[in-house]
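> any chance you can model this:
(chains A and B)
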Amino acid sequence: MNALETKQLTKTYISGHFWSKKSSPALNGIDLKIKNKQVFGLLGLNGAGKTTLLKILIGLLLPSFGKAVILGKPAGDIQTRKEIAYLPEMPYFPRYLTPLEILDFYGKLYELPVVERKKKTLEALVKVGLYEKRTHKLKEFSKGMLQKVGIAQLLLNNAKIYFLDEPTYGLDPLAAKQMRDIILELKKAGKTIFLNTHQINEVNQICDRIGILNNGHLIEDIEVKNIKGSMESFFVKRVQNNGKA
Amino acid sequence: MEKHKLLKILAIAQNVLKECIRHKIFNILFIFAGALIGGSLLIEELSPGAEGRTFINVAYANMELFGFLTVMLSIFIITFEEVEMRTLWLTITKPVSRTSYLLGKFFGISLVLLLTMSVMFLVVFGLTLTGKVHLNINYLLVPAAMSLSLMMTAAFTITLITIATNLPTGIIFSSLLFIIGHLTEHLKSVIENPQTGIAAKTALALVYYLAPNFELFNLKDKLYLAGGTFDPYYILQITLYAVLYVFAALYIGIKAFKKKEF
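All right, here's what the predicted structure looks like:
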C-alpha cells in the first residue's frame, strides 16, 4: 500500500487585486507514490516548489488541480492528521508558553490520555536534551533550541508518516547528528518519512529514494541505490539538464 | 458536541489566556486601567453634589475603554504570533478542525476579557467602599452588558482579520465598526431625516442594519434614567442579540478560515 500518492498535483498562486490578478505556477502535474516504510527525500533548488508540495500534503495549502492522498484519505483530513507528524523549516511556538506546556497542548490535540501525554512529553524532552529547560519560557530559546522543541513534538503521537522540512536547519553539528539519529531510529521503526532538504549528505545517509523538483516539475524519481556516482553530481547534472541524463 | 472537540477548544482557549496574562503589554494595560479607574475618584471632586454618580460614570467609561483595548491587544498579539510568526502551522496540522481552532481563539479572548472586566469591577467595588455609592445588582449589570458588547467586538474582529489580507487592515476595519456601532442611534436619525438623499439613505440603512448596535448595551446611561433598576426582559433581549451577533460573525469567520491557505 502507498503511504502517500499524488496525481497531477498542480498549484498556482494567484496574487494581486481582482482587477489585475497575476498567477504564478508553483507545481505542475506532480505524480508521486511513496510506499509504506519508505524514506523519501525531496531535493530541489530554492523556489523549486518543495515547500509548496509539502504544505499541500499536510493541508496548509489547497491544490489548484489534481489530488493528494495520504494513507488512503485526501490530504488535510482530520483523522489522518492523527497519523502524521510535521516539522516546519523553522518552527515557532507561542513565546510565553514553556516546552512542557506546548507539548502538553499538542498532546491534547492528538487526544492522548493524561497519563500517556505526560509520559510522552517528558520522554520527548529528555530525548532532545531539553528536560532541564522544560519550564523556561520559549521566548528565551535560541533557534536551535526551538528546533529541538519542534523535534520533540514529532515524537508525541507515534505517527505513521513524518513530514520533515529542513530538519537540521539552525542546528549545531552535534544537534544535527542527534536529529539524523532520530530520523534513522524512525526509519528503523518502520515509519514512512518525507524529507525536504538541501543537505545532500543527509539524503545519502537517510533516504531510500529521492525526487528532484525543478521549477515545479518532478524531474527525477529514483531509488538511491540506483544512483551511479556521487549524489551531488547526480543532482547538479539533473537540475542543469532539467531532468535529462 | 463531541467530548474531544470540546476539550480541544478548551485547550486552545486556555493557551490564549495563559499567553495574554503573561504578556508584558497586558501587565502595563492592567496598571493603567487600575490607575485611571482610581483616578475617577479625583475627577468626581470636580462635580460637587453628584460625586458618586460622576465616579461611577467615569469608572465605567474607563472600564469600557480598557475592555476594548484588551480585546484588540489580545487579538493583535495572538494573530501576530499565529500568522506572522507561523505558530499556527504546527497547531492546524494537528487533528483539530479549523472550526474548533477559531472557536478556541474566540473563547480564549472572551476569557481574557471577562478576567480583565472582573478585576476592573473589583477595583471599582473596592473604591465604592469609601461610602459615596452603594452598589446593588444593577451596578453589576452595567459591566456585564459591556462585556457582551465587547465579546461581539471580539467576534467581528476575528472574522474581519480572517477575511482581510493582513492584520492591520482587519484591526482598522473592526475599530471603525466599533465606533459606528456606538453611533447607530445617530445614524437612525440621519436616515429618518427627510432631507437625506435616497442613495445616502440606502447606504446608511445598510450600515445601520449590519453594524452592531452597541447603544443597546449602554446601561451606564440608563442606570439613573431607570431609577436604578432594569427590566429583566430587556436584559434577556440584549443577551440574545449579542449571542446571535456573535454566532453570525463567527459563522462567517469560520467559513472564510476554512478556505484560508498558509
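> what stretches of chain A score poorly on pLDDT?
A:243-245 (pLDDT under 70).
> pull up the residues of it that are close to chain B.
Within chain A, the residues that sit near chain B (CB under 8 Å from any CB of the partner chain) are A:55, A:58-62, A:78-79, A:81-82, A:84, A:86, A:88, A:91-97, A:101, A:105-106, A:108-111, A:137, A:150, A:153. Quick note: C-beta positions are derived from backbone N, CA and C, even for glycine.
> 7 Å instead, please
A:58-62, A:78-79, A:81-82, A:86, A:88, A:91-97, A:105-106, A:108-111, A:153 (CB under 7 Å from any CB of the partner chain).
> show the subsequent helix or strand relative to the helix or strand of chain B with the lowest mean pLDDT.
The helix or strand of chain B with the poorest confidence is helix B:219-225; it has a mean of 78 (mean pLDDT, DSSP states H and E). Sequence order places helix B:232-259 as the next helix or strand after helix B:219-225, per DSSP states H and E.
> buried ones in the least confident helix or strand of chain B, by neighbour count?
Residues B:Leu219, B:Lys220, B:Lys222, B:Leu223 are the ones in helix B:219-225 that count as buried (16 or more other CB atoms under 10 Å in any protein chain shown).
> swap in stretch A:9-28?
A:Leu9, A:Thr10, A:Lys11, A:Ala26, A:Leu27, A:Asn28.
> what's the span of that stretch from first residue to last?
7 Å (CA to CA, to the nearest Å).
> going on from whichever helix or strand A:Leu4 is part of, what's the next piece of helix or strand?
For A:Leu4, the element it lies in under DSSP H and E is strand A:2-15. The helix or strand immediately downstream of strand A:2-15 is strand A:22-35, counting by DSSP H and E.
> pairing partners for that next one, with directions?
strand A:2-15 (antiparallel) (DSSP bridges).
> quick one: distance of the partner strand to the chain centre.
In this view, strand A:2-15 has its centroid 15 Å away from the chain centroid, taken as CA atoms, centre = their mean, to the nearest Å.
> now swap in stretch A:227-245 and tell me
Using CA atoms, centre = their mean, the offset of stretch A:227-245 from its chain centre is 23 Å.
> next, the buried residues of it.
Applying 16+ other CB under 10 Å to stretch A:227-245 flags A:Ile227, A:Met231, A:Phe234, A:Phe235, A:Arg238, A:Val239 as buried.
> next: stretch B:130-147.
Buried residues in stretch B:130-147 (16+ other CB under 10 Å): B:Val133, B:Asn138, B:Tyr139, B:Leu141, B:Val142, B:Pro143, B:Ala144, B:Ala145, B:Met146, B:Ser147.
> tell me the least confident of those residues?
Scanning the buried residues of stretch B:130-147 for pLDDT, the low point is B:Val133. It has 72.
> show me what contacts that residue?
Contacts for B:Val133 (CB atoms under 7 Å, 6 or more residues apart in numbering or on different chains) come out as B:Gly52, B:Phe55, B:Ile56.
> list only buried entries from these.
Neighbour counting over the contacts of B:Val133 (16+ other CB under 10 Å) leaves B:Phe55, B:Ile56 as the buried ones.
> dump the contacts of B:Val133 to a markdown table, plus secondary structure and pLDDT.
Listed next are those as a markdown table, based on DSSP: H, G, I helix; E, B strand; the rest coil; pLDDT from 0 to 100:
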| residue | secondary structure | pLDDT |
| --- | --- | --- |
| B:Gly52 | helix | 73 |
| B:Phe55 | helix | 82 |
| B:Ile56 | helix | 84 |
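> restrict the contacts of B:Val133 to those near chain A?
Answer for those near chain A: none qualify (CB under 7 Å from any CB).
> now B:Lys220. Nearest residue, chain neighbours left out?
Nearest non-adjacent residue to B:Lys220, counting by CB to CB, 6 or more residues apart in numbering or on different chains: B:Tyr60, 4.6 Å away.
> return the distance of the helix or strand A:Arg180 falls within from the chain's centre.
Per DSSP H and E: A:Arg180 is located in helix A:173-188. From the chain centre to the centre of helix A:173-188 is a distance of 14 Å (CA atoms, centre = their mean).
> now do it: which elements does it pack against?
helix A:143-154, strand A:192-196, helix A:200-206 (3 or more CB pairs under 7 Å, 6 or more residues apart in numbering or on different chains; DSSP states H and E).
> out of those, the one nearest B:Ile92 is which?
When the helices and strands packed on helix A:173-188 are compared by CB to CB, helix A:143-154 sits nearest B:Ile92, at 13.6 Å.
> contacts for the helix or strand just after that closest one?
Following helix A:143-154 in sequence order, the next helix or strand is strand A:161-165 (DSSP H and E). With CB under 7 Å, 6+ apart as the test, strand A:161-165 has contacts from A:3-4, A:51, A:54, A:57-58, A:70, A:83-89, A:154, A:186, A:191-196.
> nearest residue to the middle of chain B?
With distances taken as CA atoms, centre = their mean, B:Leu150 lies nearest the centre of chain B, 1.2 Å away.
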